[in-house]
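> Turn this into a structure:
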Amino acid sequence: MSRTLLITNDFPPRPGGIQSFVHNLALRQPSGSVVVYASTWGDAAKFDADQPFEVVRERTGMLLPTPVVARRAARLAREYDCDTVLFGAAAPLGLLAAGLRRRAGIRRAVALTHGHEVGWAALPGARSVLRRIGRGLDVTTYLGEYTRVRLARALHGVTDLHRLAPGVDVATYHPDVDGGPVRVRLGLTGRPVVVCVSRLVPRKGQDVLIRALPEIRRRVPDAALLVVGGGPYRGTLEQLARQHGVARDVVFTGSVPAAELPAH
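Below is the predicted model:
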């Protein structure tokens, strides 16, 4: 059986959309075909024990392509007889690909891209590193046309680009989910609501929604904005809502457990 070594910082129980995406890709592979090498987040032992595949944790909150990580990744690839490596995010861990080919017999290297690699592609120094990463990869994935165009500036001609967009678990997220209790609890019953579910960091763009809300309310007077998620940007966003006179119409939930996200 072909076996894949998945190397990633983005893996539960660390929360986030990329983490969920990468985890679900691993869950949907044939039994026994995946080994995960990941950074540590909180008390991951119980989560790891519940997985249908082996999870090996490095005692660090952030895997980087250091010699120590490179050696352990190669050792794991040999130990588990892996012929493929999949990087949960291309930058920077994709730099390990070339060494894994030489030291561990890896024959195929694939890396996912999300949002931050677009930023790498836009900066001259980071773009050259991204291009070096691409040279070690057989396939680099992208989410959509917007990201493909920007990634191609750095990766055209050095790696194959293929679209791999996250799917939706339609057994969990569907129109019959009852959001009524959330509306009642947050005082949003009967109001038109714009919902944003994301970590609160600048690149996610919640500030654009807040700046737009006064114009939205001129057209839809009772409209509200529901911002679901936590993060370091919250204070700035709250201040922005006050500056634009919409503080009473922007509701921040903070972090929400995964089981409660469908209702939100």
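> quick one: contacts for the residue nearest to residue 58 when sequence neighbours are not counted?
Distances taken as Cβ to Cβ, 6 or more residues apart in numbering place residue 39 nearest to residue 58, at 5.8 Å, with adjacent residues excluded. No exception for glycine: its C-beta is placed from N, CA and C like everyone else's. Listed by Cβ atoms under 8 Å, 6 or more residues apart in numbering, the contact set of residue 39 reads 8-9, 11, 14, 57-58, 60-63.
> Make CSV out of those and add secondary structure.
Output for those, formatted as CSV (DSSP: H, G, I helix; E, B strand; the rest coil):
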residue, secondary structure
8, strand
9, coil
11, coil
14, coil
57, strand
58, coil
60, coil
61, coil
62, coil
63, coil
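> which of those residues has the weakest pLDDT?
Model confidence across the contacts of residue 39 bottoms out at residue 14, which has 90.
> Kindly provide the distance from the closest residue to that one other than its chain neighbours to residue 115.
Nearest non-adjacent residue to residue 14, counting by Cβ to Cβ, 6+ apart: residue 41, 3.8 Å away. Spatial separation of residue 41 from residue 115 under the definition Cβ to Cβ, to the nearest Å is 20 Å.
> Buried residues, the helix or strand bottoming out on mean pLDDT in the chain. List them.
Ranked by mean pLDDT, DSSP states H and E, the weakest helix or strand in the chain is helix 116-122, scoring a mean of 91. For helix 116-122, burial by neighbour count (16 or more other Cβ atoms under 10 Å) applies to 117-118, 120-121.
> so which two of those residues are the farthest from each other?
118 and 120 (7.3 Å; Cβ to Cβ).
> which residues in the protein form helices?
17-27, 45-49, 67-79, 97-104, 116-122, 124-135, 145-155, 180-186, 206-219, 234-243 (DSSP state H).
> I'd like those helices as a markdown table, with distance to residue 86 appended.
Formatted as a markdown table, those follow (distance: least, Cβ to Cβ, whole Å):
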| stretch | distance to residue 86 |
| --- | --- |
| helix 17-27 | 8 |
| helix 45-49 | 18 |
| helix 67-79 | 12 |
| helix 97-104 | 10 |
| helix 116-122 | 15 |
| helix 124-135 | 14 |
| helix 145-155 | 17 |
| helix 180-186 | 36 |
| helix 206-219 | 31 |
| helix 234-243 | 33 |
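> what sits against residue 58?
So residue 58 contacts 37-40, 69, 72 (Cβ under 8 Å, 6+ apart).
> Where does pLDDT dip in the stretch 101-250 of the chain?
Within the stretch 101-250 of the chain, no range satisfies pLDDT under 70.
> Do I have it right that residue 231 meets residue 199?
Yes - contact status for residue 231 versus residue 199: in contact at 4.4 Å, counting by Cβ atoms under 8 Å.
> Which residues are in contact with residue 48?
55, 57 are the contacts of residue 48 under Cβ under 8 Å, 6+ apart.
> Tell me how far it lies from residue 10.
15 Å.
> Please apply the same query to residue 229.
Plainly put, residue 229 is 16 Å away from residue 10 if you go by Cβ to Cβ.
> ok, and the closest non-adjacent residue to the spatially most central residue of the chain?
In the chain, the residue lying closest to the centroid (Cα atoms, centre = their mean) is residue 18, at 1.8 Å. With Cβ to Cβ, 6+ apart as the criterion, residue 18 has its nearest non-adjacent residue at 4.2 Å, and that residue is residue 10.
> any idea how far the residue nearest to the centre of the chain lies from residue 142?
Counting by Cβ to Cβ, the gap from residue 18 to residue 142 is 14 Å.
> so what's residue 167 closest to, chain neighbours aside?
residue 24 (7.9 Å).
> what about the one you found, neighbour count?
As a burial measure, residue 24 scores 13 neighbours (other Cβ atoms under 10 Å).
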